[in-house]
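Engineer: my questions concern the predicted model and sequence given below.
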Amino acid sequence: MSGEDGRCPECGRPAGDAGSFDDARRGQRRLAAIARAASSVADAGSLSVTLDVVAREVVQATHIAAAQIIRVEGGMMRVVGKAGFTDAEDFAQRLEQCRQLGARMLFVEAYQAQKRIVVPHRKEAVLADPAWAPLHGIMGGPDWDTFVAVPLVVRGRTVGVLNAYYSSGEDPGDETLEFLDAMADQAAMAVDSADLLARSRHDAQMEERARLARELHDSVVQQVFSMRMQAKALRAQVDSGLPGGPGGVRAVADELLDLAHNALTDLRSLVLQLHPAELVGRGLVAALRTHTESVASASGLRVGFHADELPDLPTDLQEDLYRIAQEALHNVVKHAGARAAEVTLTTTGDGSRQRVVLQVSDDGVGVGAEVGRPGGLGLVSMRDRAHRWGGSLRLEGSQHGSTVRAEVGLVGVEGAVPVE
């Protein structure tokens with residue numbers, strides 16, 4: 001009803017504008033949902049958490065009873081985001097049972113055709129079909145009727161499907177379907193970002209393995225080969241009656257001892273790189289001090305070290321900070337042409353804003369173009385280690401040297417506070 005002046009008594013607008021006003025508000029909610037979903041994708045730390053956010057925004061912004069985001073990878077499908085459905089850890093297994101019983105998977109058709117599918121009165125058909133029996137309990141819970149499947153397409157490839165279950169009596173129009181398309185785009189970008197991150201981690205691991213293999217070949221393998229040759233020479237002298245006398249045997253034995261000592265030192269260094277066991281018994285500060293001394297001794301680089309007294313840090317965080325320092329010093333030795341480097345480990349702030357700052361600086365030629373290459377000089381691995389704790393890693397360079405700065409915020413042992 002309208003008032004005497006022809007206005008809506010609730011909102012004060014002309015009565016005829018009430019419907020358009022509601023439409024405008026729904027449109028604003030959808031735009032806000034898209035913005036929040038985009039923000040969750042940008043700040044994604046966990047794919048499942050991000051896609052749960054997207055699914056929840058879909059349900060809250062429209063007349064949708066439930067939503068699912070299904071990822072398809074290697075021919076396998078799994079639910080990676082959901083809202084409105086009763087939790088079911090075995091949903092994927094039940095879905096596979098339905099497929100084996102001959103159930104028609106409309107979302108698979110949407111995935112294969114890269115085309116949105118809209119099916120009215122789908123719930124009634126699903127609950128009447130024995131092939132869907134393994135999922136009747138879950139699918140019958142929410143009050144829904146029309147089913148919509150929107151493929152997740154990014155860079156020309158389909159990575160999954162967004163399923164939306166519209167409330168009874170709701171007929172999805174063009175605007176709500178366009179909203180679903182936009183949310184599917186956000187979900188697709190989240191999946192793609194997770195894929196790229198996983199690939200970069202794998203590449204970084206392969207690069208690290210290749211580096212260790214090169215160092216093994218260039219140092220330990222060569223020294224062991226020399227030891228073998230010296231041992232053969234020693235045996236030849238013994239077999240020929242020691243023509244060089246005891247002095248000759250001693251010289252060969254001394255050479256063998258030197259080679260064995262060097263090989264053992266290199267092996268210990270490589271084992272330390274694979275697993276810094278010192279962290280467990282001595283802690284991060286002591287382990288870093290030992291490592292900087294080892295780098296200085298092996299390379300001739302002057303390496304200074306300073307550390308504040310640190311709070312108790314999780315072992316995994318200590319190892320990540322150790323690895324960042326290790327990789328940064330490795331880059332200085334191999335690429336910077338520096339005469340000196342400085343490693344500092346400090347704390348700033350207090351309470352919930354306390355942060356640990358690791359900085360590795362050198363006086364070399366600077367990183368130059370490497371600053372712009374996020375995958376260069378092991379930066380993928382270093383950034384990944386900092387980001388896993390909600391932290392940041394920056395690389396700055398000039399003609400006077402370069403600095404790697406990792407900063408990690410702390411909240412006890414359970415989590416991290418973003419610092420960038």
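Structural biologist: Yep, it's here.
Engineer: sketch out the strands for the chain, chain order is fine.
Structural biologist: With DSSP state E as the criterion, the chain has strands at 64-73, 76-83, 117-119, 144-154, 157-167, 302-307, 340-348, 355-362, 392-398, 401-409.
Engineer: run through who's touching the third one.
Structural biologist: This means strand 117-119. For strand 117-119, the surrounding residues in contact (CB atoms under 8 Å, 6 or more residues apart in numbering) are 106-107, 109-110, 146-149, 172, 177. For the C-beta atoms, the positions are set from N, CA and C on the backbone; glycine is no exception.
Engineer: what's the neighbour count on S294?
Structural biologist: S294: 16 surrounding residues under other CB atoms under 10 Å.
Engineer: and the helices in this protein?
Structural biologist: Here the chain has its helices, by DSSP state H, at 18-42, 47-61, 91-100, 106-113, 122-128, 136-139, 174-215, 222-239, 245-274, 278-282, 284-299, 315-331, 379-387.
Engineer: angle of the second one against strand 64-73?
Structural biologist: Taking axes from the mean of the first three to the mean of the last three CA atoms, to 10 degrees, helix 47-61 and strand 64-73 form an angle of 150 degrees between their directions.
Engineer: and the average pLDDT for helix 47-61 is what?
Structural biologist: Averaged across helix 47-61, the pLDDT comes to 77.
Engineer: what helices or strands is it leaning on?
Structural biologist: For helix 47-61, the packing partners by 3 or more CB pairs under 8 Å, 6 or more residues apart in numbering; DSSP states H and E come out as helix 18-42, strand 64-73, strand 76-83, strand 157-167, helix 174-215.
Engineer: do the shortest one as well
Structural biologist: Applying 3+ CB pairs under 8 Å, 6+ apart, one finds that helix 136-139 makes contact with helix 122-128.
Engineer: so how many other residues sit close to the closest residue to A260 other than its chain neighbours?
Structural biologist: Spatially, and ignoring its direct neighbours in sequence, A260 is nearest to M227 (6.3 Å; CB to CB, 6 or more residues apart in numbering). Other residues near M227 come to 18 when the count uses other CB under 10 Å.
Engineer: next up, the contacts around M227.
Structural biologist: Contacts for M227 (CB under 8 Å, 6+ apart) come out as 256, 259-260, 263.
Engineer: thinking again about what came up before, compare the contacts of strand 117-119 and tell me which is most surrounded.
Structural biologist: A149 (26 neighbours).
Engineer: quick one: that residue and M105 touch, right?
Structural biologist: No. Applying CB atoms under 8 Å as the test, A149 and M105 come out as separate, 9.3 Å apart.
Engineer: and V153, what does it touch?
Structural biologist: Neighbours of V153 in contact, by CB under 8 Å, 6+ apart: 114, 159, 184, 188.
Engineer: mind redoing it with 7 Å?
Structural biologist: 114, 188 (CB atoms under 7 Å, 6 or more residues apart in numbering).
Engineer: in the stretch 201-350 of the chain, where is pLDDT below threshold?
Structural biologist: Low-confidence segments of the stretch 201-350 of the chain (pLDDT under 70): 201-223, 225, 237-239, 241-249, 264-281.
Engineer: and for R282, the neighbour number?
Structural biologist: R282: 14 surrounding residues under other CB under 10 Å.
Engineer: want to throw the strands of the chain into a markdown table with distance to G137?
Structural biologist: Below are the strands of the chain laid out as a markdown table (distance: least, CB to CB, whole Å):
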| stretch | distance to G137 |
| --- | --- |
| strand 64-73 | 14 |
| strand 76-83 | 15 |
| strand 117-119 | 21 |
| strand 144-154 | 15 |
| strand 157-167 | 15 |
| strand 302-307 | 58 |
| strand 340-348 | 53 |
| strand 355-362 | 49 |
| strand 392-398 | 46 |
| strand 401-409 | 44 |
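Engineer: looking at the ones you listed, which has the lowest confidence?
Structural biologist: Among these, strand 76-83 scores lowest, with a mean of 78.
Engineer: you'd agree L329 is up against A296?
Structural biologist: No. L329 lies out of contact with A296 (CB atoms under 7 Å); the separation is 9.6 Å.
Engineer: comparing the two, which residue is more hemmed in?
Structural biologist: Ranked by neighbour count (other CB under 10 Å), L329 and A296 place L329 first, with 25 against 18.
Engineer: domains in the chain, by residue range?
Structural biologist: 20-199, 278-420 (automatic domain parsing).
Engineer: and of those, who's closest to A251?
Structural biologist: The closest of the domains of the chain to A251 is domain 278-420. By CB to CB, the value is 26.0 Å.
Engineer: tell me how far V191 lies from G81.
Structural biologist: 10 Å (CB to CB, to the nearest Å).
Engineer: my bad, R388
Structural biologist: 21 Å.
Engineer: most neighbours, which of the contacts of M227?
Structural biologist: That'd be L259 among the contacts of M227, by other CB under 10 Å, with 20 neighbours.
Engineer: that one reaches S226, doesn't it?
Structural biologist: Yes. At 5.4 Å, L259 counts as touching S226 under the criterion of CB under 7 Å.
Engineer: what residues sit buried inside stretch 357-368?
Structural biologist: 357-367 (16 or more other CB atoms under 10 Å).
Engineer: going by distance to T344, which of the residues you listed wins?
Structural biologist: Q359 (4.8 Å).
Engineer: quick check: beta-bridge partners of the closest one?
Structural biologist: Per DSSP bridges, the residues bridged to Q359 are T344, R405.
Engineer: cool, M77 as well?
Structural biologist: Here M77, judged by DSSP bridges, has bridge partners V72.
Engineer: one more: R157?
Structural biologist: V154.
Engineer: relative to A188, how far out is it?
Structural biologist: From R157 to A188 the distance is 9 Å (CB to CB).
Engineer: so how many other residues sit close to G81?
Structural biologist: 25.
Engineer: contact partners for it?
Structural biologist: Counting by CB under 7 Å, 6+ apart, G81 touches 48, 51-52, 54-55, 69, 187.
Engineer: how about it, nearest residue that isn't a chain neighbour?
Structural biologist: L51 (2.8 Å).
Engineer: for the one you found, which residues are in contact?
Structural biologist: So L51 contacts 69, 80-81, 187, 190 (CB under 7 Å, 6+ apart).
Engineer: ok, 10 Å please
Structural biologist: With contacts defined as CB atoms under 10 Å, 6 or more residues apart in numbering, L51 is in contact with 37, 40-41, 44, 67-71, 79-83, 152, 160, 162, 186-187, 190-191, 194.
Engineer: fine, thanks again, bye for now.
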